[in-house]
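**Student:** Show me how the following folds:
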Amino acid sequence: MKNLLFIFQYIFNPRSVGAILPSSKYLSKKMINDINFEKAKYIVEYGPGTGIFTENIIKNKKTTTKVVLIENNKNFYTLLQEKYKNVDNTIIVYDSAENVESILMDNQIPYVDYIVSGLPFTSLPINVSNKILQNTLKVLKEDGLFVTFQYTKLKIPFFKKYFPDISIKKEYRNLPPAYILNCYKFCLKKE
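**Tutor:** Sure, this is the predicted structure:
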């Protein structure tokens, strides 16, 4: 059922749904691999879609950790509401990730430790991508981490404009294979 919804949304909303199938469980595990769930107080997910990353975030988070899911596809938002409405400290917002700053203010969240993104930056308008990343930098704490994935390396120079330190892993067991980008707000590598 989720796969059918995903395919339907891809056909009718290709700019907001970047793949024909949801991400694999393998990609999902790698996307959250570098989150320190013991220390994380605030986690945001951009474009959770059907919730494949969300499931792992919810399963691993502490009960006191607040998770904010920002989804701008009405069908996916409704699905997420049904799945996670009774999960403590989970806030589901029907909006664009561009508005992350005001969304956090509305929910009295002062900063974010981790942002996990399922957004299709390759198909988003460049002005939208720029605004999302500008506001991501504003809300991430100093040692915060932005995690996203791409199917090619074409957008890496774009991400490097905002994040000086990016580590890249590849998940071959996803269809199509995907690059996971761990984007650090400040350069962690020793010069």
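
**Student:** and the longest strand seen in the chain, what other elements does it pack with?
**Tutor:** Ordering each strand of the chain by length in residues (DSSP state E) puts strand 140-150 first. With contacts defined as 3 or more C-beta pairs under 8 Å, 6 or more residues apart in numbering; DSSP states H and E, strand 140-150 has these neighbours: helix 25-31, strand 112-117, strand 178-184. Heads up, the C-betas are built off the backbone N, CA and C, glycines and all.

**Student:** can the ones you listed go into JSON lines with extra columns for mean pLDDT?
**Tutor:** Putting the helices and strands packed on strand 140-150 into JSON lines (pLDDT from 0 to 100) gives the following:
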{"stretch": "helix 25-31", "mean pLDDT": "95"}
{"stretch": "strand 112-117", "mean pLDDT": "98"}
{"stretch": "strand 178-184", "mean pLDDT": "97"}
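
**Student:** just checking, which of the ones you listed sits deepest inside the structure?
**Tutor:** Mean neighbour count (mean count of other C-beta atoms under 10 Å) peaks for strand 112-117 among those, with a mean of 23.

**Student:** For my notes, please list the helices and strands packed on strand 140-150 in a markdown table and give distance to K138 for each entry.
**Tutor:** Putting the helices and strands packed on strand 140-150 into a markdown table (distance: least, C-beta to C-beta, whole Å) gives the following:
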| stretch | distance to K138 |
| --- | --- |
| helix 25-31 | 22 |
| strand 112-117 | 10 |
| strand 178-184 | 14 |
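
**Student:** now for those, which one comes closest to K66?
**Tutor:** Minimum separation from K66 across the helices and strands packed on strand 140-150 (C-beta to C-beta) falls at strand 112-117, 9.5 Å.

**Student:** now for the closest one, which elements pack on it?
**Tutor:** Using 3+ C-beta pairs under 8 Å, 6+ apart: strand 112-117 touches strand 42-46, helix 100-106, helix 126-139, strand 140-150.

**Student:** roughly how far is that strand from the heart of the chain?
**Tutor:** Chain-centre distance of strand 112-117: 7 Å, with C-alpha atoms, centre = their mean, to the nearest Å.
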